[in-house]
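A.B. asks: Below are the sequence and a predicted model; questions follow.
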Amino acid sequence: MIYRETGQFKTSYAADQAIFPIAQDRLGMLVILAVAFVAVPLMASDYWLTTILLPFVIYGLAALGLNILTGYAGQLSLGTGGFMACGAFAAYKLATAFPELHVLVVFALSGLITAAVGMLFGLPSLRIKGFYLAVATLAAQFFLLWLFNKVPWFTNYSSSGVISAPPLAIWGETYVTGFEATPRAKYLFALTVVTLLALAAKNMTRLKIGRAWMAIRDMDIAAEIIGIRPLATKLSAFAVSSFYCGVAGALWAFAYTGAVEALAFDINVSFRILFMIIIGGLGSILGSFLGAGFIVLLPIFLNNALLAMGMAEAVALASHLEFMIMGALIILFLIVEPHGLARLWQILKEKLRKWPFPY
Amino acid sequence: METLSAVLVEPFVAIAEAPMFFFEVLIGGLLSGVMYALVALGFVLIFKASGVFNFAQGAMVLFAALFFVGFIDLGWPIWLSLVVTVGVMVLLALVIERAVLRPLVNQDPIILFMATIGITFFLDGFGQTLWGSDVRRLDIGIPDDPLIVAGLYVNQFDIYAAVICGLLVLGLALFFQFTPTGRALRAVADDHQAAMSVGVPLNVIWAIVWTVAGIVGLVAGIMWGAKLGVQFNLALIALKALPVLILGGFTSVPGAIVGGLIIGAGEKVAEVFWGEVLGGAIEDWFAYMLAMVFLLFRPQGLFGEKIIERV
Amino acid sequence: MMNRRQTLGLAAGAIAFGAMPLRLHAQENAQFIPSLVYRTGPYGPNGEPFANGAADYYTLINARDGGINGVEIVFEECDTQYNNDKGVECYERLKNKGPTGAAVFSPLSTGITYALIERARADKIPIFSMGYGRTDASYGAVFPHVFTAPATYWSQATSLIQYVAAQEGGLEALEGKKIALVYHDSAYGKEPIRTLEALAERFGYKLSLFPVAHPGLEQKATWLKVGRQVRPDWVLMWGWGVMNSTAIKEAAAVGFPMERFIGNWWSGSENDVTPAGDAAIGYKSANFHGAGATWPVHEDIFKHVYDAGKGAGKRERVGEVLYNRGVTNAMIVVEAIRTAQEIHGNKPLTGWQVRDGFENLDLSAERLTELGLADFMQPIKLSCEDHEGGGSVYVQQWDGKTWKRVSDWIPPMRDVVWPMIKESALAYAKEKGITPRSCT
């Protein structure tokens, strides 16, 4: 009744090709953005901002990056953590070597550097496919972490190999990274970056390049026959994906933890981000964020719920139960909807269109 | 120039100067490779029969070892613990087949992969809820003092491990070759639909394959547990098995063995002779790089089935 | 199987439930002490006894003394799984709990310490990283809120070298000796390298470094090199978790003598030697507190905590090295709060008030005896500038059943370590734009 497109006529091509052709979708999106940009910073406590919302948006960005590569271009990758580390360390080197650079420039450059690294490690994808490629990208994961851990130049010769983010201001004295920044500023900064990049991703997937990715994903030989160059397409997917992961890594180090060592981006991070896109939905921008929300919130929620149920004395048991419930829920969600949360949302929308008269 | 010589020349000089030491490293590496192959075998069995990339193999290794050592600590004799643990693994296989594989039949490989990650979480939590997260010692009576054979040092423990692994592979080969179930398993591995059409029950076969993988996991768990103590970290050895797996090919049992040997020997030699100039701790990524280089020439692994693509 | 609607309902309910305010403690006159522990994850086996020791000591203080000068202790554990993100989440969750907020955080992980140092500076909560974390944070002028008592990795490295020298017959005898460091390839493991290098220059021994990648399941290459090629006179180890027992096993397998293999204080617990079995007999490690359940405080713990059924762990594991380390950690925290109460009054204190207690902490030998811990550890006296205190360690040896003390207390070479700490801390201050406070 509410969600119905009857009467919305498209009178121009531009209207027909809009990102959200349905008025209710546009409205919904605006409401979500308003909540995220205005209501949340006003209402949420520092605990929510720093430990839940900030990692959520950053993980969302990384998941988006991996989704471009895996969900849209069909190249399975387990090197996400390595690429995030690359972004973090590039940003650190840039910010410390050129303190006068603006924070956005630092982030953009670190993304570009990561993109270059990503293309390098994407080269084997021309010959290696499927799970074989996934394990080959682990080479990137392990090698990059080893490199950042081992070469003291990357950490400015710190004795322990930990980098700590310098404070950077977006304008004047408004710091958005480092420890001078308020949780609100960091959250808004991360959210802005993520929103812009998500918009860019949405548009990319609607352009020629996005269609080429999807053609390669669905069947690369067929795509090649109809004139899509596999080399350029696969490498562009690696580059764009790595750019996103790199920026996410830089945000992680600069806005979230503030001090990281290379090990913070270990293989578990790669796996977590892969979970996010599978649970959220492969090949869906929305799915990346839904998945990130699921994987970030679920353990914290489970932990708090178990503690609230009087298990404060048995922290170990609570942690083990958290693992078990998490595992069981993942399997359950896959059985209920193998195509992820985004698909559930889509089904819901289909139902809403006819509701309450489903005939 | 100096770095080039340090990377390209000096290690070879070091090898030439101390050939005995080189052989010690090589043998040590090959024997480590056998231990990796032990874990990789479980992956191969399941992938071959059901096309599932079973990430939970590492968790199954831990799970089996936890039960085994848990029963022993309860004061049960070893043979009884072994039998009961095998029983537990059979039960686990049945539950996984019923609760995870059957509802997800015909889904994309990546979805099944994700489901096995769910299994991993569950098993890690469940095993530790039951048995706690203490380090437990598992003593199966293999001595680990140094052994010098003809001037060459070898690790006794590794020799035993290699023998046990050899027996295991022999047993598997006989099972596959000469029993009706083994034949059915091979039929399923070759072609699901053809196997079903001649009356091979797919669900039963899957349960059997997971059981066999569970038993292989138990053997791996006992060997690795005797080496490291039984604790949560056992689950992480799956990561050491992955390069072995891609190098050998997902579908080949001999591939897992040969892959293990190449990876084991390669990473040890690299760490010992090239580690210092590169900064050390290069084993991990070296194994993956080595596997990747092999893949560039054979994208399906050394012994994997040739991938034929048609439009 | 649930249908979709039920699943969605469950998810919605879950989110609504998660948004509820967290459980709050009702006690008004109570001091809240958060405990970041790890009872699960790859290092869970080591986190468990530590957490039990700390919990039992706090329970003891409440049960025996009715709290600290009548102020009851409320403590809450949060499981970090040795994971930096979870550690940050735990910190943010616990920092404002209780009537006056968290008294002090002990992150129990070098990585988490790094992530929390600047957060805690902003939140005005002290960090007590006992025997881990950032060594240069011992310089109180730059890090007013971080305490590293009773000893740091850099001090420990100098003590161990002195022990080696004593075995070889004096510091001069180190000339030309070969010492190897086998270390966890992380921020933690890299800490002692600079100190050991500085000492190598001074005393003329040859240092070789052997990094082991996390988690350290495979060390065959390392030990082949150590035992069959380099053949050092001594091996020092900065390991943690499964890396330790694996290293002991591999060392035995290449025939390296255990008497010449010394771990640091995180490489010398029962968990490290038991999986290796008889191979570990003779293995040595550093320690800064006693091992075994033979002190009066343990009797009290048995009497007031375990007999009352309030024990956190198993009775027979009381007195293990890591259990005693948990007790030590809790004891120093309690004594610091007691000192702070002398300044600010016997009431629940804020983190910054507790910080004053740490800075004026004077844990004398007499006080330790009163606490039932005579000769359990060396006296500690902290000051505005020095947040490390004494720094002495002793070397213990595993005889197959217990850890035996085999050396006297070895004080660190303060003349080597302190200038390095100061230099490193001041460099940090410069990078971060912190003005060191005056300590005179």
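C.D. replies: Structure's in. What do you need?

A.B. asks: Quick check: nearest residue in space to the residue of the stretch 51-200 of chain C at minimum distance from chain B, chain neighbours excluded?
C.D. replies: Residue nearest to chain B within the stretch 51-200 of chain C (CB to the nearest CB): C:D185, separated by 4.6 Å. (Each C-beta comes from the backbone N, C-alpha and C, glycine too.) Of all residues not flanking C:D185 in the chain, C:P211 sits nearest, at 4.0 Å (CB to CB, 6 or more residues apart in numbering or on different chains).

A.B. asks: Report the secondary structure state of the one you found.
C.D. replies: Assigned by DSSP: H, G, I helix; E, B strand; the rest coil, the conformation of C:P211 is strand.

A.B. asks: okay, now residue 286: neighbour count?
C.D. replies: Because you didn't say which chain, this covers chain A. A:L286 is flanked by 17 other residues according to other CB atoms under 10 Å in any protein chain shown.

A.B. asks: I was after chain B.
C.D. replies: 25.

A.B. asks: what sits against the residue of the stretch 51-200 of chain C closest to chain B?
C.D. replies: Neighbour list for C:D185: A:N149, B:G280, B:A281, C:P211, C:V212, C:A213, C:H214 [criterion: CB atoms under 8 Å, 6 or more residues apart in numbering or on different chains].

A.B. asks: what's the farthest-apart pair in the residues you listed?
C.D. replies: Using CB to CB, those span at most 13.1 Å, a distance reached by B:G280 and C:H214.

A.B. asks: quick one: A:I128 and B:R298 touch, right?
C.D. replies: No. With contact defined as CB atoms under 8 Å, A:I128 does not count as touching B:R298 (9.8 Å).

A.B. asks: who's more crowded, the two?
C.D. replies: Shown here are A:I128 and B:R298; by other CB under 10 Å, A:I128 has more neighbours (23 against 16).

A.B. asks: Now chain C against chain B: closest residue?
C.D. replies: At 2.6 Å from chain B, C:P275 is the closest residue in chain C, using CB to the nearest CB.

A.B. asks: Pull the contacting residues for that residue.
C.D. replies: The neighbourhood of C:P275, defined by CB under 8 Å, 6+ apart, consists of B:V135, B:R136, B:R137, B:L228, B:G229, B:Q231, C:S245, C:K249.

A.B. asks: Tell me the secondary structure of B:V200, please.
C.D. replies: Three-state call for B:V200 (three-state DSSP): coil.

A.B. asks: circling back: please produce a markdown table containing the contacts of C:P275, extended by neighbour count, pLDDT and distance to B:V216.
C.D. replies: Converted to a markdown table, the contacts of C:P275 look like this (neighbours: other CB atoms under 10 Å in any protein chain shown; pLDDT from 0 to 100; distance: CB to CB, whole Å):
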| residue | neighbour count | pLDDT | distance to B:V216 |
| --- | --- | --- | --- |
| B:V135 | 23 | 84 | 24 |
| B:R136 | 21 | 85 | 21 |
| B:R137 | 19 | 86 | 23 |
| B:L228 | 25 | 82 | 18 |
| B:G229 | 27 | 84 | 21 |
| B:Q231 | 28 | 85 | 20 |
| C:S245 | 29 | 89 | 24 |
| C:K249 | 23 | 88 | 23 |
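
A.B. asks: What parts of the stretch 151-300 of chain C come near chain B?
C.D. replies: Counting by CB under 8 Å from any CB of the partner chain, the residues of the stretch 151-300 of chain C lying close to chain B are C:185, C:209-213, C:215, C:217-218, C:220-222, C:224-225, C:228-229, C:241-242, C:245-246, C:249, C:252-255, C:271, C:274-277, C:279.

A.B. asks: in the stretch 251-400 of chain C, which spans are helices?
C.D. replies: Remark: helices assigned in the stretch 251-400 of chain C by DSSP state H, counting those that start in this stretch are C:270-273, C:296-300, C:321-344, C:351-359, C:365-370.
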